[in-house]
Every structure is written in C-alpha cells, then in structure tokens.
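*Asks:* Using only what follows, build the 3D model:
(chains A and B)
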Amino acid sequence: MGSIKDRYAIVGVGESERSKNSGTTPLHLALDAARAALNDAGLQAKDIDGFMSYSENDSCTSHQLATYLGVRPKYVKDIMGGGSSTEMLIADAVGLIETGQLNTVLIYRSMNGRSGVRMGGGGWDVNMLQSAIEGGSFIIPYGAGSPAQWFGLFATRHMHETGLTQEHLGHVCLSFYEHAQRNPKAYFYGKPLTMEEYQKTPYLSYPFKKHDFCLESDEANAIIVTSADRAKDCKSKPVYIMGLSARQCVSHAHYWNDLTEVAADYVAPEVYKMADVKPEDINVASIYDCYSWVVLRQLEAYGFAPRGEVGNFVAEGNLRMGGKLPSNTAGGMLSEGYTHGMNNVLEIVRQVRHEYKGSDRQVENCEIGICTGWAGPDMAGAMILRN
Amino acid sequence: MEFQKPIPLKTQDNSPYWDGADRHELILQKCKSCNEYSHPPGPSCAKCGSTELSWESQGNDINGKVYSYIVSYRPFLPGFQDDLPLIIAIVELNKLPQVKLIGNILQCSPDDIEIGMPVKMVWKEITEDRSLPQWTQV
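*Replies:* Numbers count the residues shown, from 1 in each chain, chains lettered A, B, ... in the order given. Model prediction:
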C-alpha cells in the first residue's frame, strides 16, 4: 500500500431521466442509473461486488438495488449525507479494493428531490430540527431553517471582507446557465440568463436570489470505481484518480460562530499534495454549487484566485468555455440538476475522457480536472482526476 | 394568541442558557480548562474537549455589533410568515468579541442593516414562562 495516485479509476457513469416529477420510486431511478453506468463501463451487474449510496433518508437501499439487478454483492453500505459524500464513498471503495476485500464498486445517489423529499424544506417538524441540527435550539427559534440562510451568513461576511459584490454572484450563475444551453438534458436548457435579468430579480434570502439557489430535481446518478488494472478490461476510457481527500471538517461551524475558515481550506492542500499538481495545472472543474457564493468561496480555498480577487476572476469569464477554468460545464446544480453533487462528478468524468470531442461542449485539451464537494462550511471533500 | 414560532428546546446541555434567558439574563458556558467560552453550550468544551465546564452570567446589559446578517423574504419555517422581511444576524459581543450569538434584529429595515451596526439585547416574552433573547438597533 501507500500512495493511491493513478492506481484507481472511474470506469462508468450513468444517470436516469431527470424531471421535476418522476412519477416513479427512487429504486426505479437508481436501477436506471446503475444500468446506464454498467453499460458505459461495459460491465455486467455480477461484476460489481460492492454497492454504496448516500441519502437524506429519501432513497432506496444498496441492498434493494443489488437485489433487483439480480446480483448478490459482498458489501452494501448506505450512509446519511449530502455534498462531498461521493468523494467520501469513492475513498471508502478505494480502501476496500486496496485491501483486497472488493474488486469493483458502484456508488449511486437517487432521489425524488422535487416531487418527494425537498431539501429546501417545507413540512419539517421544528422541534425535530432543533434536536437534529447541532446547536439547533440557537438557530431554529430565529427562523434560520434553511442552508440558504446558514450559508448566507458566511456569504455576507465574506463579501464584506473581500469586496465581492452581487454582480460577482451573478457571474457564477450566468456562466453556469450559459453551459446549460449546450446541454439538452439540463433543466434550464433553453433558458439563458442575462445580468440584467439577474440584477432585477428580487431576493429570496439576501444575499441570494432564486438564481443563486440550486435546483431541486428527481433523478439518480451512478458511478463505478475499480483498480487501474481492472479498468483496462472496461469498454470506457478510464479516468484515473490522482488525489482524493474524502471529507474533512472544522468543528466550530455547527453554530456558525466562526466564519473565517471553511473545511475546503483544509481539503485543498491535501488533495493537491496527493495528486502532485498545482491549481494552475487544472484544466476543468466541477465545483460544488448548492449556492453561487459557495463556488466563489471554494475558488479561493482551492487557490484558483487569491482572496480578494475571486470576483474579478469570475467577472473575466474564467468559468466559461475558453476561460482559465471552465467549470460545471453541464450547467451544475444551479442549472442542470441536483443530486447532492454526483451530477457534477459525471460531467467532470465525461470532460476528462473527451467524450464531447467535436462539439462545442468539450473543454479543449483538458487532461486534469478537479471535483469538489461541500456538505457545508463545516465539511468538504475533493478529488483530482486525469485522462 | 398562542406563540406560533418554534420555542427554544431546553436540553441537558443548554438549559442554564435558556433558564437565564427566561430571567432576562445572558448566561454563557465557559471551559475551566482552556478558559474559552463555549457557545452554543455542549456536553463538553468544543475547543479542547474538557468536561470541566462552568456557567458565567454576563448580566442583562448586553451590547454588541452586527458581525454578519441575512434578510429572509420568505418564511423557511412555520410561524414566520408575518415577520417578513426577517433579519437574521450574527452579533459579536462588545465585551467578549470571541462570542457570537445568532438572533433577529427587530424593528430594523433591510435598508438600514449593515455589518458593524451597534445593537442591544432585549428579551421578548414569548409564553407565560419563556423569553427569547433578541436584538434592537442602538
């Protein structure tokens, strides 16, 4: 054992249909996504010996998925979690393969995120929330029940300290909406956004307008991870994992009383060190985008622009095609769809494979990509991938 | 009319804080090992892990400054539909800037709120025996 750099690969990605009302169960969606990922990899369901998923109690179990793919795996695991869970489960899969316990692992996220359990809230029991959220009694009685509000407290302070403006938030939205116009499967395909429209849109929760919020969608995504050796037998072009930082945390953010640091600040140096690359070596990115500001804060954390210059970086168009760091090129969670980050993983894999070659959706000469996960200011993970 | 919004849940770990609030007094948890304030209160110190905790009264003349804020134009929880726009702020205490408390800034226009704005703690009686610490502009 030792460094896992370039010794593991993502060999299959797939998704179900995406909608606002699937009319079916998370199990059906998960089966569709899993079959698509298997087909992409050129594998049979029996080749998968580990199944893993993450959810917010709104999905089906790995055991159910394996059962209805007609296989009997050696390992199933379902964790509670949102953003950065994909990176964490990939790290777990790598560990299990490295120690000889498994060969090939399928990881999925399936949810009726709009027609079923909505992350944006509605219908939650307020006393349950006070107990379920650490320090909940100190925020729920004040009406702070949404991540938009919790993260917004970080955003307002960060904008104040670093000179970020509303227009900078708008540039993140505009860049990702522009990508969505090249992706017929994106929810906001055919619905471009202008700065004028963004500026005149009212706030939902200052400093966020509706465009600064991610979507809610019904869909499932799946990815397949295996060793570099086994990847050679797959139909797809393997995308190798250069570096991985599963899920780090800062302890204080449970009550948002220290806004000066976020977990991503700790993830960044570790993932670059393992991959032995620098921010300027990265050609394409999938940056967790539950809110526009979260992207700006991560651009700072991952060293794509120095603190205080992130606003100019996005205003110059660097997240767009032809920019220094084309990001969330399928539209991201702001305008493509929302599976707590896994749809962004699918896109970075496809970009690094050059799957869009010959179309205007392909980032030219992209060899190395980064994918970041953000469960909140308090928990984050990331991985760096190569062709 | 019955109070429609969530009432702070008293727990094993936080009840001295909320009991103090009911008496219109700010009570903070403090670690005897590292001397740091621990807020929100917990089963042990979130800074060093020690279980040697104490409770310290800050009295009832509590002043602070807005450290950050958001303005909600939609109720994200039941009971807040008549309070919009709702300002939710993190307030830094003047005497203990390392301690930051979340609350609403009452009777303040979204046009007036800004980081650094001086505020004072007030206690709103929300039921017969419960009070909620809040903030008003000085």
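
*Asks:* Mind giving me the packing neighbours of the lengthiest strand in chain B?
*Replies:* Selection of the longest strand in chain B by residue count, based on DSSP state E, yields strand B:63-72. Counting contacts by 3 or more Cβ pairs under 8 Å, 6 or more residues apart in numbering or on different chains; DSSP states H and E, strand B:63-72 is packed against helix A:147-162, strand A:203-206, strand B:86-93, strand B:100-106, strand B:118-125. Using the backbone N, CA and C atoms, a C-beta is placed for each residue, glycine as well.

*Asks:* partner strands of the helix or strand that comes right after the shortest one, parallel or antiparallel?
*Replies:* What it means is strand A:203-206. For strand A:203-206, the following helix or strand on the C-terminal side (DSSP states H and E) is strand A:208-209. Here strand A:208-209 is paired, per DSSP bridges, with strand A:203-206 (antiparallel).

*Asks:* wait, is A:M242 part of a helix?
*Replies:* No. Counting by DSSP: H, G, I helix; E, B strand; the rest coil, A:M242 is not part of a helix but strand.

*Asks:* about what we covered before: mean confidence for the longest strand of chain B?
*Replies:* When pLDDT is averaged over strand B:63-72, the result is 98.

*Asks:* wait, does stretch A:133-147 contact chain B?
*Replies:* Yes. In terms of Cβ under 8 Å from any Cβ of the partner chain, part of stretch A:133-147 sits within range of chain B, namely A:G135, A:G136, A:S137, A:F138, A:I139, A:I140, A:P141, A:Y142, A:G143, A:A144, A:G145, A:S146.

*Asks:* how about TSV for those, with distance to B:Q29 and pLDDT added?
*Replies:* Listed next are the residues of stretch A:133-147 next to chain B as TSV, based on distance: Cβ to Cβ, whole Å; pLDDT from 0 to 100:
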residue	distance to B:Q29	pLDDT
A:G135	12	88
A:G136	16	91
A:S137	13	94
A:F138	12	95
A:I139	17	95
A:I140	19	95
A:P141	18	96
A:Y142	19	97
A:G143	24	95
A:A144	21	93
A:G145	24	90
A:S146	27	90
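
*Asks:* follow-up on the earlier one: list the buried residues of the longest strand of chain B.
*Replies:* Residues B:G64, B:K65, B:V66, B:Y67, B:S68, B:Y69, B:I70, B:V71, B:S72 are the ones in strand B:63-72 that count as buried (16 or more other Cβ atoms under 10 Å in any protein chain shown).

*Asks:* Same question for stretch A:69-88.
*Replies:* Judged by neighbour count (16+ other Cβ under 10 Å), stretch A:69-88 contains these buried residues: A:69, A:73, A:75-78, A:81-88.

*Asks:* and that stretch, how far from the chain's centre?
*Replies:* How far stretch A:69-88 lies from its chain's middle: 16 Å, per Cα atoms, centre = their mean, to the nearest Å.

*Asks:* measure that stretch end to end?
*Replies:* End-to-end distance of stretch A:69-88 (Cα to Cα, to the nearest Å): 24 Å.

*Asks:* Mean confidence (pLDDT) on that stretch, please.
*Replies:* For stretch A:69-88, mean pLDDT rounds to 96.

*Asks:* and if you look at stretch A:58-65?
*Replies:* Per-residue scores along stretch A:58-65 average to 97.

*Asks:* that older thread, ok, the buried residues of stretch A:69-88 vs chain B, which is closest?
*Replies:* If you rank the buried residues of stretch A:69-88 by distance to chain B using Cβ to the nearest Cβ, A:G82 comes first, at 17.0 Å.

*Asks:* can you list contacts of the helix or strand that contains A:V11?
*Replies:* Taking DSSP H and E as the definition, A:V11 sits inside strand A:8-15. Applying Cβ atoms under 8 Å, 6 or more residues apart in numbering or on different chains, the external contacts of strand A:8-15 come out as A:32-41, A:43, A:90, A:94, A:97, A:104, A:106, A:219-228, A:230-231, A:234, A:236, A:238-241, A:343, A:345-346, A:349-350, A:385.

*Asks:* cool, and stretch B:27-36?
*Replies:* Outside stretch B:27-36, the residues that reach it (Cβ under 8 Å, 6+ apart) are B:16-17, B:19-21, B:37-39, B:41-42, B:45, B:47-48, B:50, B:52-58, B:96, B:98-99.

*Asks:* Direction included, what does the longest strand of chain B pair up with?
*Replies:* By DSSP bridges, strand B:63-72 pairs with strand A:203-206 (antiparallel), strand B:86-93 (antiparallel), strand B:118-125 (antiparallel).

*Asks:* any idea of the mean pLDDT in the first one?
*Replies:* Same thing as strand A:203-206. Averaged across strand A:203-206, pLDDT comes to 98.

*Asks:* ok now it, how far from the chain's centre?
*Replies:* Distance, centroid of strand A:203-206 to centroid of chain: 23 Å (Cα atoms, centre = their mean).

*Asks:* which residues touch A:I368?
*Replies:* For A:I368, the contact set (Cβ under 8 Å, 6+ apart) comprises A:M242, A:V277, A:D281, A:I282, A:N283, A:V284, A:V352, A:I384, A:L385, A:R386, A:N387.

*Asks:* roughly how far apart are it and A:V284?
*Replies:* According to Cβ to Cβ, to the nearest Å, A:I368 and A:V284 sit 8 Å apart.

*Asks:* same check, this time on B:R130
*Replies:* Using Cβ to Cβ, we find B:R130 at a distance of 54 Å from A:V284.

*Asks:* Please apply the same query to B:P41.
*Replies:* Distance from B:P41 to A:V284, counting by Cβ to Cβ: 45 Å.

*Asks:* next one: B:K95
*Replies:* B:K95 sits 50 Å away from A:V284, going by Cβ to Cβ.

*Asks:* got any ranges where the stretch 101-250 of chain A has weak pLDDT?
*Replies:* Within the stretch 101-250 of chain A, the stretches with pLDDT under 70 are A:120-123.

*Asks:* which residues does the nearest residue to A:G303 once chain neighbours are set aside contact?
*Replies:* Spatial nearest neighbour of A:G303, chain neighbours left out: A:P279 (4.0 Å); criterion: Cβ to Cβ, 6 or more residues apart in numbering or on different chains. By Cβ under 8 Å, 6+ apart, the contact list for A:P279 reads A:Y272, A:Y302, A:G303, A:F304.

*Asks:* gap between the last one and A:E336?
*Replies:* Summarising the geometry, the distance separating A:F304 from A:E336, computed by Cβ to Cβ, is 21 Å.

*Asks:* The two: which has the busier surroundings?
*Replies:* A:E336 (31 against 24; other Cβ atoms under 10 Å in any protein chain shown).

*Asks:* out of everything not next to it in sequence, what's closest to the more buried one?
*Replies:* Spatial nearest neighbour of A:E336, chain neighbours left out: A:A186 (4.2 Å); criterion: Cβ to Cβ, 6+ apart.
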